[in-house]
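>>> Everything below, folded, please.
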Amino acid sequence: MAHIFEPLTIGAVTFRNRIAVSPMCQYFSINGYVNDWHLVHLASRAVSGAGLVLTQE
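Below is the predicted model:
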């Protein structure tokens, strides 16, 4: 089995796998603020099984 699907603990946080999603499509923000598009986009990545979903300022 590949290690990518094994849990990973860093400090006090345990991720259910080692799949991380980097920030993308940030040009959808309005004046630098997140909106409903980001909520749906990032939530769908989290629900799909990624262990970590990152956002961007």
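
>>> Please name every helix or strand in contact with the lowest-mean-pLDDT helix or strand in the chain.
None of the helices or strands of the chain scores lower by mean pLDDT, DSSP states H and E than helix 36-47, at a mean of 87. Here helix 36-47 touches strand 52-53, going by 3 or more Cβ pairs under 8 Å, 6 or more residues apart in numbering; DSSP states H and E. For the C-beta atoms, the positions are set from N, CA and C on the backbone; glycine is no exception.

>>> ok now the strand it packs on, how far from the chain's centre?
3 Å (Cα atoms, centre = their mean, to the nearest Å).

>>> Now tell me what touches that strand from outside.
For strand 52-53, the surrounding residues in contact (Cβ atoms under 8 Å, 6 or more residues apart in numbering) are 15, 19, 20, 21, 42, 45, 46.

>>> Name every strand pairing with it and say which way it goes.
strand 20-21 (parallel) (DSSP bridges).
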